[in-house]
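**Student:** how does the following fold in three dimensions:
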Amino acid sequence: MRGVNRVMLIGNLGKDPDMQFLEGNIGVAKFSLATTETYKDRSGKLISQTEWHTVVLWRGLAELAQKYLHKGSLVFIEGRLKTRSWEDKEGNKKFATEIVGDNLIMLDKRHDTMAHGGGMENLDNENGDVPPLDENGNERLPF
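**Tutor:** Numbering: from 1, shown residues only. Coordinates of the predicted model:
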């Protein structure tokens, strides 16, 4: 039997994406994403709980994140959980669980979306998609 490892999040970036290029000019972007759940407790008081997630994007998605995302951007991320481990300077074993994004949809509202068909573009990391070009050969913003 095969397992399933899928994560879907909608949240806001806590900071601008941190972009790095690895050997072979492979781009990787990392950023924190806040998701907030709001509910009422037994007394009817409204409670909000924010969770922080570390998101990692590779190649084309990383470059798009660097170009178009910023602190506060609202995004939908679909990906998988990945836990990595390392030893710190004192030899202690450390762990980090991250979301490796496969799909990204930018949800920020823009005033000019009607000029671009009024929809959001689904940016899929498997193909390394880039924004489509307009009639003048310029990149059309994917939102």
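**Student:** which SS state does residue 90 fall under?
**Tutor:** Put simply, residue 90 is coil when judged by DSSP: H, G, I helix; E, B strand; the rest coil.
**Student:** so residue 78, which of the three states?
**Tutor:** When the rule is three-state DSSP, residue 78 gets the label strand.
**Student:** the helix or strand encompassing residue 86 packs against which elements?
**Tutor:** Assigning secondary structure by DSSP states H and E places residue 86 in strand 74-87. In terms of contacts (3 or more CB pairs under 8 Å, 6 or more residues apart in numbering; DSSP states H and E), strand 74-87 is packed against strand 7-13, strand 46-58, strand 93-106. C-betas here are computed from N, CA, C, even on glycine.
**Student:** please tabulate the ones you listed in CSV, including the columns mean neighbour count, distance to residue 38 and mean pLDDT.
**Tutor:** Converted to CSV, those look like this (neighbours: other CB atoms under 10 Å; distance: least, CB to CB, whole Å; pLDDT from 0 to 100):
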stretch, mean neighbour count, distance to residue 38, mean pLDDT
strand 7-13, 16, 13, 96
strand 46-58, 14, 5, 95
strand 93-106, 16, 21, 94
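**Student:** looking at those strands, which is nearest to residue 67?
**Tutor:** With CB to CB as the criterion, residue 67 lies closest to strand 93-106 of these, at 10.9 Å.
**Student:** which strands border the closest one, and is each parallel or antiparallel?
**Tutor:** When sheet partners are counted by DSSP bridges, strand 93-106 sits next to strand 46-58 (parallel), strand 74-87 (antiparallel), strand 122-124 (antiparallel).
**Student:** now those as a markdown table including distance to residue 25?
**Tutor:** As requested, these are arranged in a markdown table below (distance: least, CB to CB, whole Å):
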| stretch | distance to residue 25 |
| --- | --- |
| strand 46-58 | 12 |
| strand 74-87 | 22 |
| strand 122-124 | 20 |
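**Student:** for residue 4, find the nearest of those.
**Tutor:** With respect to residue 4, and counting by CB to CB, the nearest of the strands paired with strand 93-106 is strand 74-87 at 9.2 Å.
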